[in-house]
Each structure stands twice: as structure tokens, then as C-alpha cells.
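Student: Sequence plus predicted model, see below.
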Amino acid sequence: MSATPQDLKYSKSHEWVRLEPDGSVTVGITDHAQALLGDLVFVETPESGSPVEAGQACATVESVKAASDVYAPVSGEVIAVNEDLADSPERVNESPFAEGWLFRVQPSDSGEIDGLMDADAYAAMVASES
Amino acid sequence: MNLKMTPLHAAHERAGARLVDFAGWEMPLHYGSQLEEHKAVRTDAGMFDVSHMRVVDVRGSDAGSFLRHLLANDVAKLQTPGRALYSCMLNTEGGVLDDLIVYFRGEGDYRMVVNAATADDDEAHMRTLSSTRAVTITPRTELALIAVQGPEAVARTLPLLPEGLRAAAGLKPFHAVWDDAWMVARTGYTGEDGFEIMLPADLADGFWEGLRAAGVRPVGLGARDTLRLEAGMNLYGTDMDATTTPLVSNLGWTVAWEPSDRDFVGRAALERQRAAGAPEKLVGLVLHERGVLRGGTRIVTAAGEGVVTSGSFSPTLGVSVALARIPSASTEEVLTAELRGKALPVRVVKPVFVRHGRSKIS
């Protein structure tokens, strides 16, 4: 069974979001998502400073099995990306909720975060899909 | 539909395998990390449950002449018992019905190993073609099949073999030894040294656990695919099938044209294609940019379009490699792959990417 940390918010497309003290959000893919993908071999993150729109593809995670788009859970501006993933994509598999984070966004509308699922709702969705 | 299980199913569950449907069998995709499993085979030793493949014995006074008709390669090349041969089995149009290994065990005694997905059709085809000959066709579904592969595979396996089969130590590639119950062949599908071992199903679990205790890592179908692709070995149903001939599948070397009067199924069609010139060829591709070539990726050449038949990330090389079928007239060294909306340059290479742990692409 995959882990689903209680302090995060989740999207239907298997991204997680953590609200940081400064109002920005950190985004990654869930443990469930990385397990489905298998070993990652490439991660393509958005450019720092680029705008992202909620629901739009803004990153790519590619595993030995398949390439998969990562969708921005909220709109805003990318303020940081996880540079380590270029050389160590396996961080996402090993530590999806911590060292394997993908990028950080300064949201343009903090209300979008409230529209995401909490851990229980996400866990229920995953359970219903399997 | 109920999936079939091999005699090692319980062993896979114990090892924490992620099990998937493969050709109607519930088989391990990986046991945690496909990349780690791949690396184990390239640098140490790994083992695969390939019991879903079918062992078929072909026996009788006409067995040799029947196989010389059935197969595009010529079993007459197998002069001494224990020798093995890779061959395609063709339809009358020269399309590949299956690829297989056939072992010569003695006069009128051959053993074939065929793919799981095609096994039923193969058997039916063989029964039809042999109906008027003194040949018996016996599927040996009571046997398990384990491949142990990697630079340390032979050393780790030998002490676990039955006493009488330790002669396996001296086996050359594509040779086999056997006793009443077991058969050990120096063959494989990874580009590394190793054995493929047939043994009674009820002994499979114990043998598997013995190998594990000796440090041989269980490896799933995921790594089996990346290993065989790096080795430049075709996968049936992906790189060739009933609609493609050996000549457009980089398998021309497996067709025995001599003696010219040997009448094998598909010969006339193949000869016509050879005379006219095969319209396509299967080549190797390397993508040096970030991204992964996948089956179905479109390839653009000056002579027309081609397509990736199998592609993946190469764990050994750290880049993506692929087999692709392209127009024979293409002579460029660099082609264009259309990958997720981007046009990326791919280098054409001989389709052998890794052998014995080393890169074969310069």
C-alpha cells in the first residue's frame, strides 16, 4: 500500500502539493504514481520563472516503461525546480514526497489549493481505481 | 479470464514481485526495481522464470526431415548431439510465425523451445505439417524453465546442478547437456553468459531458492526486455511477426539458403523477396538527447518513413536505444525521430548495443 501523507493536498492526476510558510507550493508526484511508472530515467522540469496554468502539462516524468505528463495543480509562476533530478531521476522513486519534489510555484490564486483533495479523498480515489 | 501460473508463482510472490498478465500467464514484471535487476545481470547474476515458454519434443524417424521442412534454418547443421540452433518458423508467404531454439539430442530426437504467446498455434501448425510423417510432437508442460544470466551466472549455478550435469561447466555457447529429468543449455536472451535450465516443475521452487541463496537475483520481464534490446535481439510479435519476413527483420543470417534444394516452408516467397531486394531493413538507433524511443515512434528518412519496433531507455548506456524498421534505400547515418511533438536526431547503428557488459556503440 502506498503512503499518503496527511499534510499534503492531492490532484486527480496524482500530483501532491505542499503549502509552504511563504505561501508558495511545492509540487511532486505521489508514491502511487511513481510505483505505477516504475524506475524513472528522465525528469523534465519547467523553467524557473515560467508561468504555469492549473491543469496544464508543465513537466514530464519518463520511466523505463512510459513517458507521463505532470500537470500543474495550481496556476502561478515557477520559482524553483529540483535540479538534482536531471542527474538523479531515481530520487522520485526513492523519496517521492521529499527529495523527489519536482518544482515550486508561487500561486496566483491561493483558492485553487482549496479545490484539491485531502489525503483521505486521494487515498479513496486510488483505492477505487485499483 | 484465469491467468496461468508457472511452478515458480509462489516464489515470485514471496520475493515481492509485481505480477502482470503476459500472454495469458501471470508473470513478474519486476521485484522492486527493473533498473537494479538489469544491472545485476550485466555485472553479476540474475535469474528469470521463463517457464511460460513451451518446450516441445519432436521425435521419430522423420523428425530431422520434418524440421528441415518446418524451419528456415537447417537442423542438418546440428551434427553432434547437444548442439542447438536459432531459427524462424515461417508461413508460406515467408512471414515469421515464431522464432525458437531447437536442440539436437540424438538421431530422431529434437527439442524445441517456442514463445508462450505463439505456442498453441505453433503446435497446431506442426501437427498439420507432420501428419503424414513418422513424427511425434510432445509438449513438455511438466518442465519448468529457468534462465540464469550474467558474468557470475555459470559459477553460481554449477554447484546446484545434479551431479551428473556438472559437465555443463565446459559447455560452449549453443550447446546443451541433459539427464533423464534436467537439461542445461548455454543459451540466453541477454547478451551475457549463462544457462537456460529445464527441470521438473516440482523441483523448480527449491532450485530457485538455492540460486537466490547463492546470490542470484530474481529478474522480471521488464529487465528481460531492456537486456534483450541492448543485446540487439528481436522480440517476437514486436520486431517481427507473421506479416514480416526474416529479410526485413535483420534475421537473414538465420535463413539457410544452402542446400538450394531444401524445401522449407516460405522458401519460394523469401527467394522472390531476396531477388527483388527487401524493401525494408531493421536497424539500431541511438538517441543521445533526453527522451526515450518507444515502439511506434515515427522515424523520418530521406527514403521515406520508418517506425520504431521496440525502443527503451538503455540502463547500461544511459541513453535510449531502439530497433526500427526503415526503408532499405535509406543510407543516412542520422535520421529524425518524432518524439512527443519534437523532431530529434537519432544515430543509425548496427543493432547490437551491449555485449558482455560493454557498449558496442562507438
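Tutor: Yep, it's here. Numbers count the residues shown, from 1 in each chain, chains lettered A, B, ... in the order given.

Student: mind listing what's buried in stretch B:252-259?
Tutor: B:G252, B:T254, B:V255, B:A256 (16 or more other C-beta atoms under 10 Å in any protein chain shown). Just so you know, the C-beta spots here come from the backbone N, C-alpha and C atoms, and that holds for glycine as well.

Student: cool, stretch A:100-119 as well?
Tutor: A:100-107, A:112-113, A:116-117, A:119.

Student: Tell me the spacing between A:W101 and A:A123.
Tutor: 20 Å (C-beta to C-beta, to the nearest Å).

Student: ditto for B:V56
Tutor: Applying C-beta to C-beta to B:V56 and A:A123 gives a distance of 48 Å.

Student: do the same with B:L161
Tutor: In terms of C-beta to C-beta, B:L161 sits 48 Å off from A:A123.

Student: Kindly report the same for B:G232.
Tutor: Applying C-beta to C-beta, the value for B:G232 to A:A123 is 44 Å.

Student: was I right about B:V184 contacting B:H175?
Tutor: No - if you go by C-beta atoms under 8 Å, B:V184 and B:H175 don't touch, sitting 9.6 Å apart.

Student: which of those two has more neighbours?
Tutor: Remark: of B:V184 and B:H175, B:V184 carries more neighbours, 26 against 18, as counted by other C-beta atoms under 10 Å in any protein chain shown.

Student: Just to be sure, the more buried one is in a strand?
Tutor: Yes - counting by DSSP: H, G, I helix; E, B strand; the rest coil, B:V184 is found in a strand.

Student: What is the burial count for the closest residue to it other than its chain neighbours?
Tutor: Computed as C-beta to C-beta, 6 or more residues apart in numbering or on different chains, the closest residue to B:V184 that is not its neighbour in sequence is B:A168, at 4.4 Å. Residues near B:A168, counting by other C-beta under 10 Å, number 23.

Student: now do A:A67
Tutor: Residues near A:A67, counting by other C-beta under 10 Å: 17.

Student: For it, give the beta-bridge partners.
Tutor: A:E62 (DSSP bridges).

Student: so what's it up against?
Tutor: By C-beta atoms under 8 Å, 6 or more residues apart in numbering or on different chains, the residues touching A:A67 are A:T60, A:V61, B:G291, B:V292, B:R294, B:R340.

Student: Which strands and helices lie in contact with the strand or helix carrying the first one?
Tutor: To tie it back to what came earlier, the one meant is A:T60. In the assignment (DSSP states H and E), A:T60 maps to strand A:57-63. Under the contact criterion of 3 or more C-beta pairs under 8 Å, 6 or more residues apart in numbering or on different chains; DSSP states H and E, strand A:57-63 touches strand A:40-44, strand A:67-71.

Student: Quick check: the residue nearest to B:V184 is in a strand.
Tutor: No - according to three-state DSSP, B:A168 belongs to no strand; its state is helix.

Student: shaky segments in the chain?
Tutor: Unless you meant another one, I'm taking chain A. A:1-2 (pLDDT under 70).

Student: um, chain B though
Tutor: B:1.

Student: Can you name the residues of it sitting close to chain A?
Tutor: B:29-30, B:33-35, B:222, B:226, B:290-292, B:294, B:312-313, B:315, B:340 (C-beta under 8 Å from any C-beta of the partner chain).

Student: filter the residues you listed to the buried ones?
Tutor: Here, 16+ other C-beta under 10 Å leaves B:29-30, B:33-35, B:222, B:226, B:290-292, B:294, B:312-313, B:315 buried among these.

Student: which of the residues you listed sit farthest apart?
Tutor: Spatially, the most separated pair among those is B:L29 and B:R290, at 24.5 Å (C-beta to C-beta).

Student: Against chain A, how distant is B:L70?
Tutor: 36 Å (C-beta to the nearest C-beta, to the nearest Å).

Student: which parts of chain A sit against chain B?
Tutor: Going by C-beta under 8 Å from any C-beta, the residues of chain A near chain B are A:38-39, A:41-42, A:44, A:60, A:62, A:64-67, A:90, A:93.

Student: Only whichever of those residues are buried, select them in ChimeraX.
Tutor: In ChimeraX, this line selects whichever of the residues of chain A next to chain B come out buried by 16+ other C-beta under 10 Å:
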select /A:38,39,41,42,44,60,62,64,65,67,90,93
